[in-house]
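>>> have a look at this prediction, sequence included:
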Amino acid sequence: MIRDHEPESIRETARLVGRDKKSVHEGLTTLEVLGVIRFEAAGRAKKPVFTYDELVVMPLAHDTGARATAARYSSH
């Protein structure tokens with residue numbers, strides 16, 4: 001959604017995905033910590049930016065029941 005629509009703010013991202021701003025903010029913050037997205041200042045807003053062509057998520061361990069994942073990124 002971020003790559004395709006390039007929302008100008010967290011609020012606009014929430015509108016695009018049909019979720020409340022608080023939960024979208026929390027999710028985007030987690031993605032930022034994981035290095036999946038970054039934020040750019042857009043006036044008073046924080047613009048989420050996805051700079052990769054693709055994101056592949058693969059399970060690391062399935063025998064422990066853990067939901068650990070690994071991601072491989074491909075940048076522009």
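Everything's here; your move.

>>> which residue is nearest the middle of the protein?
Ranked by distance to the mean C-alpha position of the chain (C-alpha atoms, centre = their mean), the top residue is Leu31 at 4.3 Å.

>>> ok, which stretches of this structure are helices?
Taking DSSP state H to define them, one finds helices in the chain at 2-5, 10-17, 21-33.

>>> so which of those helices is the most packed in?
Using mean count of other C-beta atoms under 10 Å, the stretch among these with the greatest mean number of neighbours is helix 10-17 (a mean of 17). (Each C-beta comes from the backbone N, C-alpha and C, glycine too.)

>>> so for that one, mean pLDDT?
For helix 10-17, mean pLDDT rounds to 97.

>>> packing partners of that helix?
Secondary-structure packing of helix 10-17 (3 or more C-beta pairs under 8 Å, 6 or more residues apart in numbering; DSSP states H and E): helix 21-33, strand 45-49.

>>> for the protein, give me the ranges with low pLDDT.
Counting by pLDDT under 70, the chain contains low-confidence residues at 62-76.

>>> before we move on, the earlier item: output the helices and strands packed on helix 10-17 as JSON lines; include the columns distance to Asp4.
Converted to JSON lines, those look like this (distance: least, C-beta to C-beta, whole Å):
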{"stretch": "helix 21-33", "distance to Asp4": "16"}
{"stretch": "strand 45-49", "distance to Asp4": "12"}
